[in-house]
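Participant: Build the 3D model from these lines:
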Amino acid sequence: MAYADLTTEQKTQLNDWLSIVRPMLGELGRLCNHFEIAKDAHASHISAILGELSGTDIIPNTSGLAGATSITKNQLVEILTDAIAIITANNTSAKRQLYGLFAGAINMLG
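Facilitator: Residues are numbered from 1 along each chain as shown. Predicted coordinates for the structure are as follows:
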C-alpha cells in the first residue's frame with residue numbers, strides 16, 4: 001500500500017506521530033554531538049584525573065542544576081560507559097545521515 005492509499009485519518013495519525021519522532025531524532029543528533037565532546041575530553045585528560053580517585057570517592061555537585069547531587073566515581077564511570085555505548089550504536093555516519101533525513105541536518109547542530 002502506498003502512502004497515498006492511506007485514509008485521511010491514518011495519514012493524520014502517522015503525521016502526528018512523526019511530528020514527535022522527527023524533532024526527537026534531531027535531539028538525538030545534538031545529544032550525540034555532546035557525547036562525542038565529553039568522550040574526547042575524557043580520553044584527553046579526564047580519564048587521568050579519574051584514575052586518581054577511588055571508586056567510592058565523592059565528587060560534589062558544582063553544576064548549578066537544581067536537584068543534582070554529589071556522585072561517586074563509580075557512578076560517573078557507569079554513566080560514561082552508558083554514554084560510550086549510546087554513541088557507538090547511534091553516532092555512526094549512516095545513522096547521522098538517517099537522522100538528517102528525518103529532522104534536517106541543520107536541526108542536529110548544537
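Participant: Can you identify each of the strands in the chain by residue range?
Facilitator: 58-59, 71-72 (DSSP state E).
Participant: Mind naming the longest helix for this protein?
Facilitator: Criterion DSSP state H: the longest helix present in the chain is helix 8-41.
Participant: Show me how far that one is from its chain's centre.
Facilitator: 10 Å (Cα atoms, centre = their mean, to the nearest Å).
Participant: which helices and strands sit right next to it?
Facilitator: Under the contact criterion of 3 or more Cβ pairs under 8 Å, 6 or more residues apart in numbering; DSSP states H and E, helix 8-41 touches helix 73-90, helix 93-103. Quick note: C-beta positions are derived from backbone N, CA and C, even for glycine.
Participant: about what we covered before: tabulate the strands of the chain in CSV, adding columns for distance to residue 29 and mean neighbour count.
Facilitator: Below are those laid out as CSV (distance: least, Cβ to Cβ, whole Å; neighbours: other Cβ atoms under 10 Å):
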stretch, distance to residue 29, mean neighbour count
strand 58-59, 29, 12
strand 71-72, 27, 15
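Participant: Residue 104 touches residue 26, doesn't it?
Facilitator: Yes - assessed by Cβ atoms under 8 Å, residue 104 is found in contact with residue 26 at 7.1 Å.
Participant: got a markdown table for the helices and strands packed on helix 8-41, with mean pLDDT, distance to residue 11 and mean neighbour count too?
Facilitator: Formatted as a markdown table, these follow (pLDDT from 0 to 100; distance: least, Cβ to Cβ, whole Å; neighbours: other Cβ atoms under 10 Å):
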| stretch | mean pLDDT | distance to residue 11 | mean neighbour count |
| --- | --- | --- | --- |
| helix 73-90 | 93 | 29 | 14 |
| helix 93-103 | 96 | 17 | 14 |
